[in-house]
Each structure stands twice: as structure tokens, then as C-alpha cells.
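S.K.: Compute the structure for the input listed below.
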Amino acid sequence: MEMRVTQNQAGTHIDWDHDGVTPRMIDWFWSNMEKANLLWHPEQHEPLEWYVRPEHGRILGSVHIAPQTWDDGTRQNLYIKTQDPRELPRDITDLIVSSHCYIAGGYTEDTIDHGEPMGYRIHQWQGTDAGVVGRSSALPGLKKDTPEEGLIWVEHCKQEIGNWGVFLPQLYGLYRVVTNTSHNPFSDLTVERTEAGLRYRHT
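M.R.: Got it, this is the predicted structure:
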């Protein structure tokens with residue numbers, strides 16, 4: 001796969017593509033991260049826990065706790081909440097041009113139940129003849145990252161996105177036998193743009 005990194009006034013962005021990975025697989029991943037977090041970045045991730053578990057067909061408002069240590073040695077214990085695009089400003093949702101997306105806000109333990117995100121992560125993707133093409137973005141919230149901090153995130157995120165191609169098709173296939181949606185939830189992350197703004201089609 002190829003990746004291209006850009007930075008602009010909005011934030012830091014990685015354009016990427018995968019052969020053999022489908023949009024549905026990535027949709028499934030976000031509701032089942034506890035099954036895959038160590039595979040997603042084996043060197044820097046620790047086991048993931050849910051603070052608010054996603055429900056089948058409803059990932060909005062779910063929160064996962066994602067302890068990790070980045071290349072600069074900083075250990076983070078982030079509370080990451082799935083955001084509803086209908087509640088976000090247009091300068092964020094206008095950056096979403098693909099047919100599927102996942103929007104996360106980053107919080108601390110002290111701010112997860114009240115307060116604004118320190119920053120946002122947007123992952124967006126759509127199908128191609130061979131697989132998927134997508135973009136991952138780091139955007140500011142209360143915390144304004146420097147370009148150098150954005151590039152530290154790039155090195156972390158490139159490993160995560162790249163590893164989807166290593167494990168995701170196999171893991172998704174294995175879990176197709178688990179039909180109990182309490183243990184194997186799924187949310188369709190297709191988005192559509194209406195006069196009111198961006199929304200998930202199936203929420």
C-alpha cells in the first residue's frame with residue numbers, strides 16, 4: 001500500500017489505500033476494537049477496554065480506553081469517544097468526502113463525562129475495485145498540535161492503518177460465525193450529506 005502525508009491549516013492527513021480490505025470490514029472493526037487493538041499496533045498498544053460499549057447498530061457515544069506509548073516515549077491513556085457528525089461544526093464535517101467515516105474525540109479520564117475533546121481523529125474510506133481508499137486526519141480541539149506533534153501521530157497512525165491489511169480480512173472472516181450481536185456488534189458507517197449537514201445513513 002501507499003501512503004501520502006500532508007499538513008495544512010486544518011490539521012495533519014494521511015492518504016492511504018488497501019487491496020483486499022472492504023469498507024464493511026473497517027465498519028466492523030470500530031465496534032469490535034477489543035478483538036484487534038494489539039494487532040492494530042503491536043509495538044505501542046496495550047489491551048483496550050470499553051468505558052461505554054457500542055451497541056449493535058449504534059456505535060455513536062461509545063467510548064474506548066486506549067493506553068498506548070508513542071515513538072516520543074509519551075504514554076497516553078486516552079478516552080476516545082465516537083462522535084455524531086450532526087453535532088460537529090461544519091469546518092470538521094466538510095473535510096469528509098468519502099462514503100464511510102469514523103470520527104473520534106480524545107478526552108482524559110477527568111473530562112470524558114463532561115467537557116470538549118482535546119482533538120479529533122477522522123478516518124474516512126470508500127470502496128474501490130481492489131479494496132478501499134481512505135484518509136486519516138488529526139484535527140485540533142481544545143489542544144492545538146504543532147506540526148511536529150502531528151508528524152509523531154503520523155508515525156503511529158501509519159502503523160495502525162497499514163496493519164489493517166495484515167489482520168483485518170482474516171479476523172473479520174473468523175468472527176462471521178459469531179451471530180450473537182452482543183458479542184459481535186456491527187454498525188454501518190455509511191454517511192450522507194443532507195441540507196442539515198452530514199449524518200450517518202443508518203442512525
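
S.K.: Provide a list of residues in contact with the closest residue to residue 192 other than its chain neighbours.
M.R.: Leaving aside its chain neighbours, residue 192 sits nearest to residue 201 (4.9 Å; criterion: CB to CB, 6 or more residues apart in numbering). In short, each C-beta sits where N, CA and C put it, glycine included. Taking CB atoms under 8 Å, 6 or more residues apart in numbering, we find residue 201 in contact with 188, 190-192.

S.K.: Buried residues in stretch 163-182, which are they?
M.R.: By 16 or more other CB atoms under 10 Å, the buried positions in stretch 163-182 come out as 164-165, 167-169, 171-172, 175.

S.K.: What segments of the chain are helices?
M.R.: Using DSSP state H, the helices of the chain run over 23-31, 37-40, 90-93, 147-174.

S.K.: So which bits of the third one are buried?
M.R.: Yep, that's helix 90-93 we're talking about. For helix 90-93, by 16+ other CB under 10 Å, it's 92-93.

S.K.: For it, the averaged confidence score.
M.R.: Helix 90-93 shows an average pLDDT of 94 in the prediction.

S.K.: same deal with the second one?
M.R.: Predicted confidence along helix 37-40 averages 95 (mean pLDDT).

S.K.: which strands and helices sit next to that helix?
M.R.: On a contact count with 3 or more CB pairs under 8 Å, 6 or more residues apart in numbering; DSSP states H and E, helix 37-40 meets helix 147-174.

S.K.: do the same with the first one
M.R.: In terms of contact count using 3+ CB pairs under 8 Å, 6+ apart, helix 23-31 is assigned the packing partners strand 100-107, strand 119-127, strand 131-140, helix 147-174.

S.K.: by how many degrees do that helix and strand 119-127 diverge?
M.R.: Per axes from the mean of the first three to the mean of the last three CA atoms, to 10 degrees, the angle that helix 23-31 makes with strand 119-127 is 150 degrees.

S.K.: Other residues contacting helix 23-31?
M.R.: Residues contacting helix 23-31 (CB under 8 Å, 6+ apart): 36, 54, 56, 59, 62, 82, 99-100, 102, 123, 125-127, 132, 134, 164, 168-169, 172, 175, 185-190.
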